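Trainee: fold the following and give me the result.
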Amino acid sequence: MLAFADPHLEDAVRQALDIETGVIRPADALGLVRLVAVAKEITRLDGLESFSNLREIDLSENHISDLRPLAGLSRLEALVLRSNRSRT
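Mentor: Coordinates of the predicted model:
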């Protein structure tokens, strides 16, 4: 079972995976390669570290300031953070 610190991020991930309710399993996380969560009021990315197959993430227009949970995503090719308060 995967856990998220930010309920808005969890909602965005659930939408991307088409899992409305119930547990998000590690196997589900491996199936996600693209996440678009624009203007979703996201503040924290904790939980995304389990999504190791992510290649594209668009988190524009949120309130993200800590990118450390993305540090281990070695397959990540594109990261869009337009209009955020990001720092590494």
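Trainee: ranges for the strands of the protein?
Mentor: 34-36, 56-58, 78-80 (DSSP state E).
Trainee: return the most buried member of those.
Mentor: strand 56-58 (a mean of 17; mean count of other Cβ atoms under 10 Å). Where you see a C-beta, it was placed from the backbone N, CA and C, and this is true even at glycine.
Trainee: can you list contacts of that strand?
Mentor: Residues outside strand 56-58 that contact it (Cβ atoms under 8 Å, 6 or more residues apart in numbering) are 33-38, 48, 70, 76-80.
Trainee: turn those residues into TSV, including pLDDT and distance to M1.
Mentor: Output for these, formatted as TSV (pLDDT from 0 to 100; distance: Cβ to Cβ, whole Å):
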residue	pLDDT	distance to M1
V33	98	21
R34	98	23
L35	98	19
V36	98	24
A37	98	21
V38	98	27
L48	97	15
L70	97	21
L76	98	23
E77	98	28
A78	98	28
L79	98	26
V80	97	29
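Trainee: out of those, who's nearest L2?
Mentor: Looking at these and their distance to L2, the nearest is L48, at 9.4 Å (Cβ to Cβ).
Trainee: so who does the closest one touch?
Mentor: 9, 13, 35, 54, 57, 69-70, 73.
Trainee: can you do 6 Å?
Mentor: By Cβ atoms under 6 Å, 6 or more residues apart in numbering, the contact set of L48 is P69.
Trainee: same thing with H8?
Mentor: The contact partners of H8, taken as Cβ under 6 Å, 6+ apart, are 40-42.
Trainee: measure I64 to T21 for me?
Mentor: 26 Å (Cβ to Cβ, to the nearest Å).
Trainee: for the two, indicate the residue with more neighbours.
Mentor: Higher neighbour count among I64 and T21: I64, with 21 against 5, using other Cβ atoms under 10 Å.
Trainee: so what's the closest residue to D46 other than its chain neighbours scoring on pLDDT?
Mentor: Spatially, and ignoring its direct neighbours in sequence, D46 is nearest to A5 (3.8 Å; Cβ to Cβ, 6 or more residues apart in numbering). If you check A5, the pLDDT there is 95.
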